[in-house]
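Make a model of this:
(one chain, ligands or ions: 1)
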Amino acid sequence: MPLQDVSSFGQFQGSRPHTKKAKPNHMNLLNMQLIELSDLKDLLSRTKREFQDLQSQLQKDLKNIGSQVEEMSTAAVQYHKVAEENRKLYNMVQDLKGNIRVFCRIRPVFCAGTKNVIDFIGEDGSLVILDPLKPRKDGRKVFQFNRVFGPTATQDDVFNETQPLIRSVMDGYNVCIFAYGQTGSGKTYTMSGPSGGSTKDLGINYLALNDLFEISNQRKDIITYEIRVQMVEIYNEQIRDLLSEDSSTTKYPFFLISALQNNNLLSHLSVFKALICTNDDGLSLPDATLHTVKSTSDVLNLMKYGEVNRVVCSTAINSRSSRSHSILTVHVHGKDASGNLLRSCLHLVDLAGSERVDKSEVTGDRLKEAQHINKSLSCLGDVITALAQKNSHIPYRNSKLTLLLQDSLGGHAKTLMFAHVSPVEDSFGETISTLKFAQRVSTVELGAARLNKESSEVMQLKEQIENLKKALANKEAPSTPSYKIKESKSPFEKQRETIERTPPRTRRLSIENGSGMKAMNVEDRRRPKTPSTLTRVMRLSSEGKDNSQIKLSADVGKSLPASTVSEQKYSQFQDAETVTKQFVNLCNGSSMMEISHSNAPRSPTSSSFQKQALKTDCRTKIPRLQLPNTPEPQVHARNGIQNVMQSLISTESQTANGKGSQIRKSLRTTIGKLISGSGKGNLQNTLELKLPVMRDGSFHDLKSPVVHAKTARRESLTGVQTSIRSRRSSLGGKPIESSTPMSNNRNAKTPPPVHPSTKTTERWL
Ligand SMILES: Nc1ncnc2c1ncn2[C@@H]1O[C@H](COP(=O)(O)OP(=O)(O)OP(=O)(O)O)[C@@H](O)[C@H]1O
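I've put the predicted structure just below:
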């Protein structure tokens, strides 16, 4: 470095001020410069060190910062993971509870300078609204939803959040998405896309179907899907098919509609099918044309067609205001390789906007439309309130809309509501009421969604059940004539004619069996209190071929249909016939046995007996022939037979015309045949179980203490005394062994009592 420069550097630095003015001497000057040079060297080295220190410090700091940033970023990632997990868990809880999910969407402000009422939109679904009239803290209203989409949210953002729900349709869940909000708040925009048929920014309807096709393609090796759509609108409480191929009927000018409405002609038009039908899964669906769609272009075309047919008009609030609720229903049917079936439905509902008629400035037909819209939305509100309060009655039937959405709102579907709000100050009232409604909807718990999947085995079983039902119906068909009044003159008819010719106060009971018909007439002189019954003639027939089919007909002055007892449909029973009825029921092992049990009066003429019989008249359901499970009914059956016999006997003993023995004879024969096996079929089996008599007429080897009573009863029924040890072929058959002198006398009118203590034998005596 030149000396001059060095000195000037030293001066510039001011590190050592030159106080002494030395004589310009060469040597001195040199020395001074050397000193300054060494000073400078020191300074340089110090600065260097300092710089190095600073550098290392900086590096350390940078390192620290780096590690801190790294820590923070991992914490952030963790936080997001946890938040995502929380959301998933929250959704799972909601799924399990079946809560209706609520997303809120805020449409953008279109006019610059308009005051915005949205104060805060949280990532977690919170929304704060500021009351323009109370700009301070107390004007803030906080709402919580599953998700809130701000004005800048795109259609894709909205769809991405909705996609998992929509996809579950392909897994067999019923899904319903409905857009709710005031008029002009963006419902149609969300569901269909921008007005005017633009193919940009298409809405959920299109994106959903597109996605369903994608899934269908992805799974085509595993499941074969069929996707069909139908599109209807509910306009003035009428359901219109928007995809009806008859274009002349799909759209009407408003003057025509009102004219038709005034003349009550609207319902006659095919398009106004005010019908809601139910599908195989019991889901309420509109009865409208179904179109199979195979590609997104099919969907686009259909949606355009439907949109054109939809009733829209201009109001003060919205230039293209929907005047109806539109419902796009997507039916998904899937079948996998193993034959398992799944069926599901996706309802995509764009509701008509609620509007304040003073604001929308509508009159005439528009006013009527607005009133219908508001009414149906209010019905929807009532349904939601009732559901939220878990009321027992949910007023679905108050409007077509709620009727159609019944399964989605109260069934086992996954339901999502889009609450649309406008951020402008002017709409604050409507915004608040929409948000309050949405909040209420979010509290509705529908229960866990149900999977509509049927395994092939279940389907096979269902098919079998159907076939069996059909077979049963066919089998029952031939027995139907037994309920009808017989046209041809059967032996029954002839018998009936004879009966009808018999004088009043004569009751005739005939029991028909396979071997022929034996009749008995009982003149009941001891029933003056019920004269009407005295004219009634009852006929009981027990057809020999199949004793399970015991036909019963009652002649009550006029002919009554003969009906099959096993079918429990005999129409009228009168007190005078209770004896027979008891007997029939005993044969059936029915509930009537309880009546004829110990509490039942023994005599059919006693008033209490009549009362009981009347109590259990034709309205009493008598079960089919069935095998008793417990020994109790057997006891009832035996008691019942005993009671019937006693009743008959008492009646017989009261008659003085000598026909009692005929009754007894006939009854004995019939009972004998029933028990011994001349009749075949269920009744016989039943009787075998009910009575200690086997099919072949032999007795069960009973070792119970009631054996004596049974023997006595059998003896009382047949009039033949038996030894406990002796076995008879049947009551009507020949005795195998006789142990008493009376035993051979089968038709003895007064058999000697074996157990004088029993009432039965007393009566015989
Ligand atoms: N998120 C949005 N982004 C851009 N434009 C929107 C958005 N939401 C709504 N719009 C526009 O606002 C206008 C009104 O929207 P839209 O017709 O969807 O309202 P609406 O709630 O269906 O009304 P109405 O109940 O009367 O049928 C339309 O022009 C629509 O394109």
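
Determine the number of other residues adjacent to the nearest residue to Asp426 once chain neighbours are set aside.
In space, and not counting its chain neighbours, Asp426 is closest to Thr114: 7.8 Å by CB to CB, 6 or more residues apart in numbering. Backbone N, C-alpha and C define where each C-beta goes, glycine included. For Thr114, the neighbour count with other CB atoms under 10 Å is 13.

got the phi/psi numbers for Lys141?
phi -120, psi 130 (degrees, to the nearest 10).

ok, back up a step: Three-state assignment for the residue nearest to Asp426, please.
For Thr114, the secondary structure call by DSSP: H, G, I helix; E, B strand; the rest coil comes out as coil.

isn't it right next to Ser422, touching?
No. Counting by CB atoms under 8 Å, Thr114 stays clear of Ser422, with 9.7 Å between them.

any shared contact partners between those two?
Here Thr114 and Ser422 share no contacting residue, scored by CB atoms under 8 Å, 6 or more residues apart in numbering.

for the residue nearest to Asp426, what are its contacts?
424-426.

Lowest-confidence entry in those?
For the contacts of Thr114, the weakest pLDDT value sits at Asp426, with 86.

what's the neighbour count on it?
When neighbours are counted by other CB under 10 Å, Asp426 registers 14.

And it, how far from Leu44?
Look at Asp426 and Leu44: by CB to CB, to the nearest Å, they are 74 Å apart.

Flag every residue of this protein that's near the ligand.
107-108, 181, 183-189, 194-195, 318, 320-322, 352-353, 420 (CB under 6 Å from any ligand atom).

And the buried ones among those, selectable in PyMOL?
Entered in PyMOL, the line below selects the buried ones among the residues of the chain next to the ligand, by 16 or more other CB atoms under 10 Å:
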select buried, resi 107+181+183+184+185+186+187+188+189+194+318+321+322+352+353+420
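
Out of the residues of the chain next to the ligand, list just those in helices.
187-189 (DSSP state H).

pLDDT added to those, as a markdown table?
Shown next, in a markdown table, are those (pLDDT from 0 to 100):
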| residue | pLDDT |
| --- | --- |
| Lys187 | 92 |
| Thr188 | 90 |
| Tyr189 | 93 |
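
of all those residues, which comes closest to Thr152?
Within those, the smallest distance to Thr152 is 13.9 Å, found for Tyr189 (CB to CB).

pretty sure that closest one is touching Gly203, no?
Yes. The pair Tyr189 and Gly203 qualifies as a contact (CB under 8 Å) at a distance of 6.6 Å.

Just the closest residue of the stretch 51-200 of the chain to the ligand, please.
Going by CB to the nearest ligand atom, the ligand is nearest to Gly186 of the stretch 51-200 of the chain, at 2.8 Å.

Just the element for Glu226, please.
Assigned by DSSP states H and E, Glu226 belongs to strand 223-235.

Please apply the same query to Leu387.
helix 364-388.

could you point out which element follows that helix?
helix 400-404.

Can you show me the strands along the stretch 251-400 of the chain?
276-278, 284-286, 291-292, 312-313, 321-322, 325-336, 341-350 (DSSP state E, counting those that start in this stretch).

Rebuild those strands as a markdown table, extending it with mean pLDDT.
What follows is the strands of the stretch 251-400 of the chain, written out as a markdown table (pLDDT from 0 to 100):
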| stretch | mean pLDDT |
| --- | --- |
| strand 276-278 | 52 |
| strand 284-286 | 60 |
| strand 291-292 | 88 |
| strand 312-313 | 64 |
| strand 321-322 | 72 |
| strand 325-336 | 89 |
| strand 341-350 | 89 |
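
And the ones you listed: which comes nearest Pro135?
Across the strands of the stretch 251-400 of the chain, Pro135 has its closest neighbour in strand 321-322 (31.2 Å, CB to CB).

Summarise which helices and strands that closest one is packed against.
strand 312-313 (3 or more CB pairs under 8 Å, 6 or more residues apart in numbering; DSSP states H and E).
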